[in-house]
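Engineer: The sequence and its predicted three-dimensional model are supplied below.
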Amino acid sequence: MPTDSSHDTGLAAPQIGRTSGSPNDSAGDHPVGDPILRLLLRLGDAARMETLSRFRRTGVGENKAAGSDRDFDPVTEGDRAAEAAIRGILAESSADDGILGEEEAEKAGTSGITWVIDPIDGTRAFVTGIPLWGTLIARDDGAQATHALVDHPALGERFVGVAGQGAWLMRGGESLRIGVSRTKRLAESTLITTAPELFDEAGAAAFDRARREARLTRYGTDCYGYALVALGTADVVIETGLAAYDIAAPKALVEAAGGVVTNWKGEDCRWGGNTIAAATPELHAEALALFKGL
């Protein structure tokens, strides 16, 4: 029997549905019985067509950081085509909703709903051929992100979360309910960040304290780190300088799986900033204390 500090992974949880074809098919208690989630999966499918067809087949694309003090911030045809595909579907299905995406101008809505989109989170990984990049889509009702997709097309893994209902991993025609680990202490945790050099001096010092406390630290995961926390195989992600489209869907996924996600002040971070995502309140509190005052 697992102790409170053990890793109790979501993959050990019961399977709730199986499909024989497209992940959009529904069966029994399958999570895609939710019509909003069905739309979310349709958006993910459209994005996959644009990204996978270009993965490891195109160059680095345009450097959005050219002429700035940042060295390299790539955007590819895949980024732009995937966001355009998502926006095209939303224009037909949800014309009154707002859209906040990385690659196109924000669209104001009248419904109170905003779709927050990152067509390729981890573009540096994408152009390098590393398969950990993902498509992030969240539906925000003004109070919270109610539905989230964290999709990893190159891995064939799709993570979905619905506020108040739970989180699922959709893979190979089946859906598994997932959940965060029970880890309560940094000393027993797996800690993730994408790149430690992204922290400023004070943030880097605080992260180093967390790294020295953690049992294991891993790098370079982009949005996949949050999926691993939701899955229960990792415990905490600490990152800095995120935009809304970087964090809205991962935050909603981790929270739907039972975790805690805030900024470094313990406040709502779904519109961006410095973030801590943790499996349990106790682990979150311990990590948060290391960043006090930042």
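Structural biologist: Looks like it arrived, so ask away. Quick caveat: nothing in here was measured; it's all calculated off a predicted structure.
Engineer: give me the low-pLDDT residue ranges for the stretch 1-150 of the chain?
Structural biologist: 1-32, 58-73 (pLDDT under 70).
Engineer: how about 80 then?
Structural biologist: Scanning the stretch 1-150 of the chain for pLDDT under 80 picks out 1-33, 58-74.
Engineer: got the contact list for Ala243?
Structural biologist: 102, 272 (Cβ atoms under 8 Å, 6 or more residues apart in numbering). From N, CA and C alone the C-beta is placed, and that goes for glycine too.
Engineer: That one bridge partners, please.
Structural biologist: Taking DSSP bridges as the rule, Ala243 bridges to Gly272.
Engineer: any idea how far it is from Asn274?
Structural biologist: 12 Å (Cβ to Cβ, to the nearest Å).
Engineer: Now do the strands in the stretch 101-250 of the chain.
Structural biologist: In the stretch 101-250 of the chain, strands defined by DSSP state E, counting those that start in this stretch lie at 114-121, 134-140, 145-152, 157-162, 166-171, 174-178, 190-193, 216-219, 236-243, listed in chain order.
Engineer: Could you check the strand or helix carrying Ala287 and say which residues are buried?
Structural biologist: Element membership for Ala287 (DSSP states H and E) is helix 281-289. Neighbour-count burial for helix 281-289, counted by 16 or more other Cβ atoms under 10 Å, picks out 282-284, 286-288.
Engineer: and the angle from it to strand 236-243?
Structural biologist: Helix 281-289 and strand 236-243 meet at an angle of 50 degrees, taking axes from the mean of the first three to the mean of the last three Cα atoms, to 10 degrees as the criterion.
Engineer: Would you mind putting the buried residues of helix 281-289 into a markdown table with pLDDT alongside?
Structural biologist: Rendered in a markdown table, the data for the buried residues of helix 281-289 read as follows (pLDDT from 0 to 100):
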| residue | pLDDT |
| --- | --- |
| Glu282 | 98 |
| Leu283 | 98 |
| His284 | 98 |
| Glu286 | 98 |
| Ala287 | 98 |
| Leu288 | 98 |
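Engineer: Out of those residues, flag the one nearest to Val254.
Structural biologist: Among the buried residues of helix 281-289, His284 lies closest to Val254 (Cβ to Cβ), at 10.4 Å.
Engineer: From Lys292, how far out is the nearest residue to that closest one once chain neighbours are set aside?
Structural biologist: If the residues on either side of it in the chain are set aside, His284 comes closest to Ala278, at 3.6 Å by Cβ to Cβ, 6 or more residues apart in numbering. Remark: distance between Ala278 and Lys292 (Cβ to Cβ) = 15 Å.
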